[in-house]
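Asks: Next come a sequence and a model predicted from it.
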Amino acid sequence: MADTPAVSVNHLTKVFKGTLVKGAFRAVQDLSLEVKAGEVYGLIGPNGSGKSTTMKVILGLLKPTQGSTSIFGVPSTEVASRHSVGFLPENPYFYKHLTGRETLHFYGSLCGMRGERLKARTDEMLAITGLEDAATRRVGGYSKGMLQRLGLAQALIHEPRLLVLDEPTAGVDPAGSRKIRDLIIEFRARGITVLVTSHLLEQMQEVCDRVGIMAHGRMVREGRLEDLIAVENQTEMVLENASPALLTKINALIQAEGGDTKLVRSGRPRTTLERLFIEATNESKKP
Amino acid sequence: MSDAPTSPNTEAQTRVRFSPRRVWTLAMATVTQLVRMKILAFLVVFCLLAVGAGFAFSVINPEQQLNLLKSVTLGSLQIFSIVIGVVSTALLLPKDMEDRTLYTILSKPVPRFDYLLGKLIGVLLLIGGGLIVMDAVLSLILWLRQSMLFEDAVARMQMEKLDSPEAVAQVREIVARQGLTWNLHWAVWAIFLKATVVTTVALLLSSIASSTLFTIVITFCITIIGHGEALIREFFFQPNLSGMASRAATLVLAVICPDLAQFDIVDSVVSGEIVPWGAVYDMTGIAALYVTVYLFVTHLLFVEKEL
C-alpha cells in the first residue's frame, strides 16, 4: 500500500464534444504521470495546455475519453476516491451567505464529520489558515486572499492524504501568496501529497519536488526539479564576506587551470522582487 | 494540525452510499442560503398583502367576503410558491457551477444524486415552511373573520327581527362552510404538491440547460401547458387529427408535461365544496410519481454531465 502512487494517470485522452459550429476539442492527449505519496508535484504549462482538464478528470468531475486515472489506487470514477483528496479550485467562491465557520462545518458534514470532532477540526483549520478573526463573518465580505485560504481550509477539513491545488495563489498579494507557499511546504512536512498548478514558476520552483510541463495537451517534460533546471556543465559558488584579494586568487586559479574552464559570471547575487516586497511591507508594520 | 494524514473512515472508503445525513446537510445549506437571500420574507410579506387585499373589495354578504378572502390568498400562494420554486431552483444549480462551488462539493465524497436531492429538498423545505406559516396566518384570519361576520349577521337579523333559530342556524351553516375548514389545509397541500412537481421539472431543466433564463422560461411554459394536459390528451385521441407531425408533437407534450390540473382543487375549496380523502390520496400519489420520474431522469442526465 505504501508504494501505491497518490495519483496515477494512464494514457489519458480527453476530447470535448463539438457543436454544429465548432468541432471537437482535444484537451489532453495520451497523458501519463504518477505522483508519489508524500511529494509535491507541480503541473505547469501555458493557458489551454490541459492542466485543469487533467485535474478535473483526476477528481472525477470529468470523464476520460480514453485512459484512466486513480487516487491512491481507487479509480477516479468512483466517489470513494474522493475520501482521500481535498481540492482547491482556481478563484474559489463559496456560499456567500454562510460565515467562514459555517462553510467549514458544511464541508466537514459532507465528509461525514460531526459533533466535537468537526468543531475541533474547524477551529484547527481556521487557526492554520489565519481566519480565526473572520470566522463569524459572512464569506461574501471576504477578500480574495481570505477566500483562497478558506478554500485551503475546506480542502483540508477531512484530513485528506492528497491535496489538489489549481492556481492556489491566483489573484493573491505577495504576502498571502507567501503564506500559501509556506502552508504547502508544511503539508509536505506532514506527509500530505500535493498536486499543484501555478503560473508563478518561481514559487513552483521553491515548493515542488517534481514537475511536469504540459503543452497542447501533452506532457513535454517531466522529472525532479533539480535535474530539470540544473545546467550540467556549470558550477555555482556563493561566497560571503570574501575579500577582493581572495576573489583575485580564485580568478587566477581559474585562468591557471586553462582548457575549457572559464568564469562565466561574478558579482553580487540579487534578491527577488517578492522577497524585497515581503521585507519592505514587514518593516513598515514595525513601530 | 494532525501529524499523519489519516482517512476518517477506512471502511467507508470502499464504497460511498446514499446518505440522508449528507442530503440533509445540503438541504439545510440551501435553506440557509435562500432564507438569508430574504426569499421567504418576500413570500410572507407578499401573501400578507394579498390577505389584506381580500378585505379591500366591497361585498354583498358574508359568504362572498369569505370566498374573496380565500380566493385571493390561495391564488397568491399558488403563484408565488411556483415562482419561488422555479426561480430558486433555476438559480442555484447554475450558480454553483459558475462559482465553482459545485467543484468543491463534488470533489468531496458526495454522490451526484445526494447533491441533487439535497438541493431539491432545500427548496421544498423553504416553500413548505412558507406555506405552513401562511396556512396558519390565513386560518387565524379566516376564523376571526367568520366569527365577526356571523356576529354581524346575527346582530343585523336581531335588528330586523328575523333572528329565528332556523335562520340563525342557516347563517351559521353558510359561514362555517365558507370559513375555516380542513378543506383550506388540503388546498394549501395541493398548492405545495403542484409547486413540488414544477420545482422538480425546473431541477431537471437546470441540470441540462446552460442558462438560468432558459430554465425559467421553459419551466413556466411547461407549467402553463401542464394546466391544459387534458386538452392535449383529448386532441391527441381525436380520430381526424391530421398529420404525423402534429400527432408526434402532441404526444411529446403529453408525455413531457405533468398534468397539473390534477392539483387544481383551490376553486372547489373557495366555493365551499368538500374535498374527499380519496382525492387527497390521489393527488399525493400522482405528485410522488411525477417527482420520482423527473428526479430519476434528472439523475441520469446529471451523472453524465461534464463539469
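Replies: Thanks, I have it.

Asks: Now the stretch 101-250 of chain A against chain B: closest residue?
Replies: Nearest residue of the stretch 101-250 of chain A to chain B: A:S109, at 4.1 Å (C-beta to the nearest C-beta). Every C-beta, even on glycine, is put in place using the N, C-alpha and C of the backbone.

Asks: Check that residue and give its pLDDT.
Replies: What the model reports as pLDDT for A:S109 is 94.

Asks: Quick check: it touching B:A27?
Replies: No. At 11.4 Å, A:S109 does not count as touching B:A27 under the criterion of C-beta atoms under 8 Å.

Asks: List the contacts of the closest residue to B:V275 other than its chain neighbours.
Replies: Computed as C-beta to C-beta, 6 or more residues apart in numbering or on different chains, the closest residue to B:V275 that is not its neighbour in sequence is B:W186, at 4.6 Å. Counting by C-beta atoms under 8 Å, 6 or more residues apart in numbering or on different chains, B:W186 makes contact with B:I265, B:V269, B:V275, B:V280.

Asks: want to throw those into a markdown table with pLDDT and neighbour count?
Replies: Listed next are these as a markdown table, based on pLDDT from 0 to 100; neighbours: other C-beta atoms under 10 Å in any protein chain shown:
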| residue | pLDDT | neighbour count |
| --- | --- | --- |
| B:I265 | 85 | 22 |
| B:V269 | 82 | 22 |
| B:V275 | 80 | 20 |
| B:V280 | 90 | 17 |
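
Asks: which residues of chain B score low on pLDDT?
Replies: Scanning chain B for pLDDT under 70 picks out the ranges B:1-14, B:54-60, B:62, B:241-242.

Asks: quick one, longest helix in it?
Replies: In chain B, assigned by DSSP state H, the helix with the most residues is helix B:112-159.

Asks: The residue nearest the centre of chain B and chain A: what is the separation?
Replies: Nearest to the mean C-alpha position of chain B, counting by C-alpha atoms, centre = their mean, stands B:A195 at 2.2 Å. Going from B:A195 to chain A by C-beta to the nearest C-beta, to the nearest Å gives 23 Å.

Asks: Equivalent analysis for B:Y290, please.
Replies: From B:Y290 to chain A the distance is 28 Å (C-beta to the nearest C-beta).

Asks: Could you do B:V270 as well?
Replies: Going from B:V270 to chain A by C-beta to the nearest C-beta gives 37 Å.

Asks: Quick one: residues contacting that residue.
Replies: B:V270 makes contact with B:N67, B:K70, B:S71, B:L74, B:A187, according to C-beta under 8 Å, 6+ apart.

Asks: how deep is the second one tucked in, by neighbour count?
Replies: Using other C-beta atoms under 10 Å in any protein chain shown, B:K70 is surrounded by 24 other residues.

Asks: swap in B:E151?
Replies: 11.

Asks: Spatially, which two of the contacts of B:W186 are the most separated?
Replies: Greatest spatial distance among the contacts of B:W186 (C-beta to C-beta): B:V269 and B:V280, at 11.6 Å.

Asks: which bits of the stretch 1-150 of chain A sit near chain B?
Replies: A:16, A:56, A:59-63, A:74, A:78-80, A:82-95, A:97-98, A:102, A:106-107, A:109-114, A:124, A:128 (C-beta under 8 Å from any C-beta of the partner chain).

Asks: need the helices for chain A, in chain order.
Replies: Applying DSSP H to chain A gives helices spanning A:51-58, A:100-110, A:115-128, A:144-156, A:174-189, A:201-207, A:225-229, A:244-257, A:273-285.

Asks: The fourth one: which residues count as buried?
Replies: This means helix A:144-156. Across helix A:144-156, burial judged by 16 or more other C-beta atoms under 10 Å in any protein chain shown covers A:G145, A:M146, A:L147, A:Q148, A:R149, A:L150, A:G151, A:L152, A:A153, A:Q154, A:A155, A:L156.

Asks: Relative to B:V51, how far out is B:V266?
Replies: To B:V51, B:V266 is 15 Å away according to C-beta to C-beta, to the nearest Å.

Asks: what do you get for B:V23?
Replies: Remark: distance between B:V23 and B:V51 (C-beta to C-beta) = 34 Å.

Asks: Over to A:K144?
Replies: The gap separating A:K144 from B:V51 is 46 Å, by C-beta to C-beta.

Asks: do the same with A:L247
Replies: In terms of C-beta to C-beta, A:L247 sits 92 Å off from B:V51.

Asks: now A:L239
Replies: Using C-beta to C-beta, which is the criterion applied here, A:L239 is 87 Å from B:V51.

Asks: Please apply the same query to B:T25.
Replies: Here the criterion is C-beta to C-beta. By it, B:T25 lies 35 Å from B:V51.

Asks: quick one, which of the two is more surrounded?
Replies: B:T25 (23 against 19).

Asks: Okay, and the more buried one sits in which element?
Replies: Assessed by DSSP states H and E, B:T25 sits inside helix B:20-36.

Asks: which helices and strands sit right next to that helix?
Replies: Applying 3 or more C-beta pairs under 8 Å, 6 or more residues apart in numbering or on different chains; DSSP states H and E, one finds that helix B:20-36 contacts helix A:100-110, helix B:62-98, helix B:112-159.

Asks: which helices and strands does the helix or strand hosting B:L301 pack with?
Replies: Following DSSP H and E, one finds B:L301 within helix B:277-303. The criterion is 3+ C-beta pairs under 8 Å, 6+ apart, and the helices and strands that helix B:277-303 contacts are helix B:112-159, helix B:182-208.

Asks: Roughly how far does B:Q64 sit from chain A?
Replies: B:Q64 is 44 Å from chain A, by C-beta to the nearest C-beta.

Asks: list the contacts for B:Q146?
Replies: Residues in contact with B:Q146 (C-beta under 8 Å, 6+ apart) are B:P62, B:L66, B:V175, B:A176, B:Q178, B:G179, B:L180.

Asks: Just give me the closest of the residues you listed to A:K179.
Replies: Nearest to A:K179 among the contacts of B:Q146 is B:L180, at 62.3 Å by C-beta to C-beta.

Asks: before we move on, what SS does the closest one have?
Replies: Three-state call for B:L180 (DSSP: H, G, I helix; E, B strand; the rest coil): coil.

Asks: Let me see the contact set for it.
Replies: When contacts are counted by C-beta under 8 Å, 6+ apart, B:L180 touches B:S139, B:L142, B:W143, B:Q146.

Asks: switch the cut-off to 10 Å
Replies: B:L66, B:K70, B:L138, B:S139, B:L140, B:I141, B:L142, B:W143, B:L144, B:R145, B:Q146, B:S147 (C-beta atoms under 10 Å, 6 or more residues apart in numbering or on different chains).

Asks: what do you get for A:M146?
Replies: By C-beta under 10 Å, 6+ apart, A:M146 lies in contact with A:G100, A:T129, A:G130, A:L131, A:A134, A:R137, A:V139, A:V172, A:G176.

Asks: got it, and A:L126?
Replies: Counting by C-beta under 10 Å, 6+ apart, A:L126 touches A:G100, A:R101, A:L104, A:E132, A:D133, A:A134, A:A135, A:R149, A:L150, A:A153.
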